[in-house]
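Enquirer: Here is a sequence with its predicted model. Questions after.
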Amino acid sequence: MRRSLRLTDPALINFASNNYLNLADNPEVIARAQDALKAWGAGSSSSRLLSGHTPVHAALEEALAQWLAQESALVFPAGYMANIGVITALVGATDAIVMDRLCHASLIDAARLSGARLLVYRHADAADAERVLKRAQSHRRRLLVTESLFSMDGDRAPLAELKILAQTYGAMTVVDEAHALGVLGSQGRGLSEGWDVVLGTLSKSLGSQGGFAAGSRSLMDYLINKARPFIFTTGLAPVCAAAALASLQIVRRDVQPGEVLQKRAQRLRERVARQGWNVLQSQSQIIPVHVGDAEKALALSGRLRESGFFAPAIRPPAVHAQECRLRLSVTLEHTEEQLDHLAKVLGDGHE
């Protein structure tokens, strides 16, 4: 069955956005983007390795590296491309990737494209990750790959345990911080510490467009020469880089918005759970309302729409057939009154 694209109705309160800190609408960010638009035009017009590299890209990569306490960073046109570029550059047919079974599609696709053997472990289960790491010992190189904050369940990976396991079994560590950066961890830097490669996006908390990898300088230099999604595509538009840099500077000077966001999300999550809805193991601004089959998810989404809320049903291929849900995404734009109203509608709709 063909799925049509869904247009967001501006009259509805949007609970499907990843603009967690509302920085895509921040006047300072918009002003910096406008300045870059005037200076550099609408696009970069070329690969970064030809003429698509600008001082804005360099400044953003330096700021990202400093923020994440890494030696260097490399910006890609999209987070999806960053994930594919890094993993396919690091491993090949003689290697193995050990990955959480609920990792994002971009990480799964990257693993498949790399030609490495993909071995999955039970979701957020360090003991099972160890079992799989043992199986991977015969391979030349092992990558241990996980998200820090999972995009559909809103829960967290056991990063400290996984890091120890990787050291024990000689695996390189790769963590995707896409949904945690800006809103969780010390100084909003996410949940990982001491991982070899940090992957992230500029299009969620930072309110712009693009993706990046951060790690050692030698690794980033290697990626510049090896990561095909970086080499063979037009560079990120300078206007997007400038917007992301402005957002990053805002996040670095004030982490309180992220803390406020988590408190709001916790209040909504606890209230929805008390109504009897299954919110899985969510510990973040991402609150799944698990209903099971697609028809129930569509019906619940429709009920919310009638009450003025946009919360589309999440169905395959984003989740497995019996794991359909609504994915409530709390942002700083949401008021306490809106969150209370949403909770009331969900409470009235619970069977």
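Expert: Received, thanks.

Enquirer: mind checking the longest helix of this protein?
Expert: Longest helix in the chain, counting residues (DSSP state H): helix 256-274.

Enquirer: residues of that one that come out buried?
Expert: Within helix 256-274, the residues scored as buried using 16 or more other CB atoms under 10 Å are 257-258, 261-262, 264-266, 268-269, 271-272. Bear in mind the C-beta positions are built from the backbone N, C-alpha and C, glycine included.

Enquirer: Of these, which pair is most distant in space?
Expert: Farthest apart among those by CB to CB are Pro257 and Val272. That separation is 22.4 Å.

Enquirer: quick one: Ser44 and Cys240 touch, right?
Expert: No: using CB atoms under 8 Å as the test, Ser44 is too far from Cys240 to be in contact (9.2 Å).

Enquirer: Name the nearest residue to Asn14, sequence neighbours excluded.
Expert: Leaving aside its sequence neighbours, Asn14 sits nearest to Phe310 (CB to CB, 6 or more residues apart in numbering; 4.8 Å).

Enquirer: how much space between that neighbour and Gly302?
Expert: For Phe310, the distance to Gly302 (CB to CB, to the nearest Å) stands at 11 Å.

Enquirer: likewise Asn225?
Expert: Taking CB to CB, one finds Asn225 at 51 Å from Gly302.

Enquirer: if you average pLDDT over the longest helix of the chain, what comes out?
Expert: Mean pLDDT, helix 256-274: 96.

Enquirer: Pull that helix out as CSV, backbone CA atoms only.
Expert: Written as CSV, here are the backbone C-alpha positions of helix 256-274 (Å, rounded to 0.1, in the frame of the first residue of the first chain):
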residue,chain,number,x,y,z
GLN,A,256,19.2,25.1,31.4
PRO,A,257,16.8,24.8,28.5
GLY,A,258,17.7,21.1,28.2
GLU,A,259,17.1,20.6,31.9
VAL,A,260,13.8,22.3,31.7
LEU,A,261,12.8,20.2,28.7
GLN,A,262,13.6,17.0,30.6
LYS,A,263,11.5,18.1,33.6
ARG,A,264,8.5,18.8,31.3
ALA,A,265,8.9,15.5,29.5
GLN,A,266,9.1,13.6,32.8
ARG,A,267,5.9,15.2,34.1
LEU,A,268,4.0,14.2,30.9
ARG,A,269,5.5,10.7,30.8
GLU,A,270,4.6,10.0,34.4
ARG,A,271,1.1,11.2,33.9
VAL,A,272,0.5,9.2,30.7
ALA,A,273,1.9,6.1,32.3
ARG,A,274,-0.4,6.5,35.3
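
Enquirer: any idea of the angle whatever helix or strand comes next after that helix forms with helix 256-274?
Expert: Sequence-wise, the next helix or strand downstream of helix 256-274 (DSSP states H and E) is strand 286-292. Orientation of strand 286-292 against helix 256-274 (axes from the mean of the first three to the mean of the last three CA atoms, to 10 degrees) gives an angle of 20 degrees.

Enquirer: Okay, and Asp327 sits in which element?
Expert: Careful, residue 327 is Arg and not Asp. Taking DSSP H and E as the criterion, Arg327 maps to strand 324-329.

Enquirer: How about residues contacting that strand?
Expert: Strand 324-329 has contacts (CB atoms under 8 Å, 6 or more residues apart in numbering) with 15-18, 20, 152, 268, 272, 285-294, 296-297, 300-301, 304, 311-316, 319, 342.

Enquirer: switch the cut-off to 6 Å
Expert: Strand 324-329 has contacts (CB atoms under 6 Å, 6 or more residues apart in numbering) with 15, 17, 286-291, 293-294, 297, 311, 314-315.

Enquirer: Whichever of these end up buried, select them in ChimeraX.
Expert: A single ChimeraX command selects the buried members of those (16+ other CB under 10 Å):
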select :15,17,286,287,288,289,290,291,294,297,311,314,315
